[in-house]
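>>> Fold the following.
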Amino acid sequence: MVATDKVFTGAIPDIYDRLMVPMIFEPYARDLAERVAELKPHRVLEIAAGTGVLTRAMASRLNAETRIVASDLNQPMLDLARSRQHEDGRIVWQQADALALPFEPQMFDVVACQFGVMFFPDKVQGYKEAHRVLKPGGYYLFNVWDKLATNDFPHVVTMALEGLFPDDPPRFLARTPHGYWDQKAIRDELSAAGFASITIETVDQTSRANSARDAATAFCQGTPLRNEIETRSPSGLEAATESAAQALVQRFGSGLIEGRIRAHMVTAVR
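Sure, this is the predicted structure:
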């Protein structure tokens, strides 16, 4: 991972929330929120809340006594998440670094993280922090994307950009969101952080976008992939987006498009 992989600022949060969230994140947010609700926790910490899709899904499923602390490293993402959530006294919004959580030990029954651990510069340290703030017997639930080739839209976009920038292709999607899929590595790093009981389930969903252009805009302009494109061609963002859109049309057709998405759902017990 490079430094810009964690930068969700400028126009990125709005495009991310408007196009990326319904396209790939909402199905997994529902799945993860239901798993959290089944545990009937009293205190939940969400790490890497982003624009709040999991926060909203949990809030709709957890009971009135449950308290949620929704945290993220990027304040602009957290600000947007707060604006999207109706007033709810159960939720506290807090900027926080997952590698140095500002919470006392053993505060939470559940720590949940939706597609965030891939961005941890030090995975074991991030897992140690989750372990530290969990009560004994508490649960750490998170999901990660499977390898790029098993996720249709980002795979097509990445291949299109490789054709546009053959000498130095932007590899954000392969490197970071889809770069942490090896189940043995995940188990080993959770074990190194102190977790003893670890289960991993592969979950397939369907990704939908209203058009190939929407999908291309989501990836090229609503993620840190944008930073890589603009570094290579300061005025080339539109051309890159159009190239990705045309590749998606060629693969999936015009109008509403659908593709496979695959992720791993991880449950670890303190």
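>>> Tell me which residue is most central in this protein.
For the chain, the residue lying nearest the average C-alpha position, counting by Cα atoms, centre = their mean, turns out to be residue 115 (2.8 Å).
>>> which phi and psi does the nearest residue to it once chain neighbours are set aside have?
Of all residues not flanking residue 115 in the chain, residue 143 sits nearest, at 6.0 Å (Cβ to Cβ, 6 or more residues apart in numbering). C-beta coordinates here come from the backbone N, C-alpha and C atoms, glycine included. Phi and psi for residue 143, reported as degrees, to the nearest 10, are phi -130, psi 150.
>>> you'd agree residue 265 is up against residue 31?
Yes. Taking contact to mean Cβ atoms under 8 Å, the distance of 7.0 Å between residue 265 and residue 31 places them in contact.
>>> Correct me if wrong, but residue 86 is in a strand.
No. With DSSP: H, G, I helix; E, B strand; the rest coil as the criterion, residue 86 is located in coil rather than a strand.
>>> any idea how far residue 183 is from it?
From residue 86 over to residue 183 the distance is 38 Å, taken as Cβ to Cβ, to the nearest Å.
>>> The two: which has the busier surroundings?
Set side by side, residue 86 and residue 183 show unequal neighbour counts under other Cβ atoms under 10 Å, the larger going to residue 183 at 14 against 7.
>>> wait, what's in contact with the closest residue to the more buried one other than its chain neighbours?
Using Cβ to Cβ, 6+ apart and skipping the chain neighbours, the partner closest in space to residue 183 is residue 200 (5.2 Å). With contacts taken as Cβ atoms under 8 Å, 6 or more residues apart in numbering, residue 200 has the following neighbours: 183, 186, 187, 264, 265, 266, 267.
>>> Quick one: classify residue 200 as helix, strand or coil.
With three-state DSSP as the basis, residue 200 sits in strand.
>>> Report the mean per-residue pLDDT for the host helix or strand of residue 249.
Here residue 249 sits within helix 237-252, counting by DSSP states H and E. When pLDDT is averaged over helix 237-252, the result is 98.
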